[in-house]
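# whatever this is, show me its structure:
(one chain, ligands or ions: 1)
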Amino acid sequence: MSPSHHGTEPVFDVTGVTKVYTSGEVEVRALAGIDLQLFAGEIAVLLGPSGSGKSTLLNIIGGLDRATSGSVLFNGRDLTDFSDRQLTRFRRDHIGFVFQFYNLIPSLTAWENVSLVTEVARDPMTPDEALAMVNLTDRMSHFPAQLSGGEQQRVAIARAIAKRPEVLLCDEPTGALDSKTGVIVLEALTRINTEFGTTTAIITHNAGIQQIAHRVFQFLDGRIASMHVNEARIAATEVEW
Ligand SMILES: Nc1ncnc2c1ncn2[C@@H]1O[C@H](COP(=O)(O)OP(=O)(O)OP(=O)(O)O)[C@@H](O)[C@H]1O
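Numbers count the residues shown, from 1 in each chain. Got it, this is the predicted structure:
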């Protein structure tokens with residue numbers, strides 16, 4: 001059940017993107033020319049060795065960082081032309097981020113952490129709805145310290161999706177979790193993808209996770225070494241690593 005790409009414009013159309021980080025005299029070429037498209041409703045998994053540029057690319061398409069050269073079209077508009085203010089607005093309106101470490105506010109409950117986002121979004125779900133999507137209805141009034149790692153990550157996912165973003169960008173979302181807990185987090189991500197059609201990109205070091213993807217991109221030395229379409233996706237519950 002791969003989303004059909006025929007005749008559809010990509011959500012993201014990345015062409016010739018390079019990124020060079022300069023610190024003092026040292027230049028690091030993090031991206032050496034990336035061409036990639038992400039289509040509406042797909043789950044893309046990005047694999048590759050440490051330092052191959054996965055996070056750099058995710059940060060650029062999410063508007064957290066800027067390309068050195070190349071173009072990054074989001075629904076036809078080039079992010080590389082955006083002012084800082086436009087980029088901030090783009091992120092706020094369209095992108096949900098999930099990182100390895102959950103970045104929850106310790107003094108706020110799960111519900112309150114999610115409500116920080118729903119208070120400022122244009123067309124949010126309620127914190128209750130967002131937490132129900134990740135099966136945390138019975139943990140809403142817990143503080144982060146009272147939640148397991150997997151539960152905290154699910155709060156972070158609820159926070160990311162509460163504004164109904166078109167795109168969810170996940171950088172090692174299961175990186176700090178054991179496989180059993182990680183699977184529950186993956187179930188939440190696949191459920192959101194199925195129910196809302198959220199275009200989802202997931203960076204991971206766990207090769208097993210690629211089985212939930214519609215398409216898999218393999219990074220190497222700042223380039224995409226290969227891409228394949230997953231003909232036989234499996235459910236998150238079947239994933240092992
Ligand atoms: N802010 C920065 N300043 C300088 N160099 C950076 C910066 N961010 C990333 N790099 C360098 O760019 C290269 C690509 O890093 P990136 O984090 O994108 O790789 P990655 O594939 O996501 O790796 P990992 O799997 O370890 O997260 C690396 O050599 C990294 O050291």
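# and Ser71, that's in a helix?
No - residue assignment for Ser71, taken from DSSP: H, G, I helix; E, B strand; the rest coil, gives strand, which places it outside any helix.
# report pLDDT for it.
Per-residue pLDDT puts Ser71 at 98.
# which SSE is the residue nearest the centre of the chain in?
Residue closest to the average C-alpha location in the chain (C-alpha atoms, centre = their mean): Leu169, at 1.4 Å. Element membership for Leu169, per DSSP states H and E: strand 167-171.
# does Gln100 touch Gly182 like I think?
No - if you go by C-beta atoms under 8 Å, Gln100 and Gly182 don't touch, sitting 11.3 Å apart. In this view, the C-beta of every residue, glycine as well, is placed from N, C-alpha and C.
# looking at the two, which is more packed in?
Neighbours of Gln100 and Gly182, each counted by other C-beta atoms under 10 Å, are more numerous for Gly182; the result is 24 against 17.
# what helix or strand is the more buried one on?
Counting by DSSP H and E, the element that carries Gly182 is helix 179-196.
# now the element after that helix, going C-ward?
Sequence-wise, the next helix or strand beyond helix 179-196 is strand 199-203, with elements assigned using DSSP H and E.
# show me what that next one is packed against.
Helices and strands touching strand 199-203, as assessed by 3 or more C-beta pairs under 8 Å, 6 or more residues apart in numbering; DSSP states H and E, comprise strand 43-47, helix 54-61, strand 167-171, helix 179-196.
# indicate which one of these is closest to the ligand.
Between the ligand and those, the shortest separation by C-beta to the nearest ligand atom is 3.2 Å, and it involves helix 54-61.
# what is the mean pLDDT for that closest one?
Averaging pLDDT along helix 54-61 yields 98.
# and stretch 186-206, by the same measure?
Average pLDDT, stretch 186-206: 95.
# how far is that stretch from where the chain is centred?
Between the mean C-alpha location of stretch 186-206 and the chain-wide mean there is a distance of 8 Å, by C-alpha atoms, centre = their mean, to the nearest Å.
# what's near enough to touch Trp111?
For Trp111, the contacting residues are Pro127, Asp128, Leu131, Met140, Ser141, by C-beta atoms under 8 Å, 6 or more residues apart in numbering.
# what's the burial count for the residue lying closest to the last one once chain neighbours are set aside?
Looking back up the chat, that one is Ser141. Excluding the flanking residues, the one nearest Ser141 by C-beta to C-beta, 6 or more residues apart in numbering is Thr109, at 5.1 Å. Counted with other C-beta under 10 Å, the burial measure for Thr109 works out to 20 neighbours.
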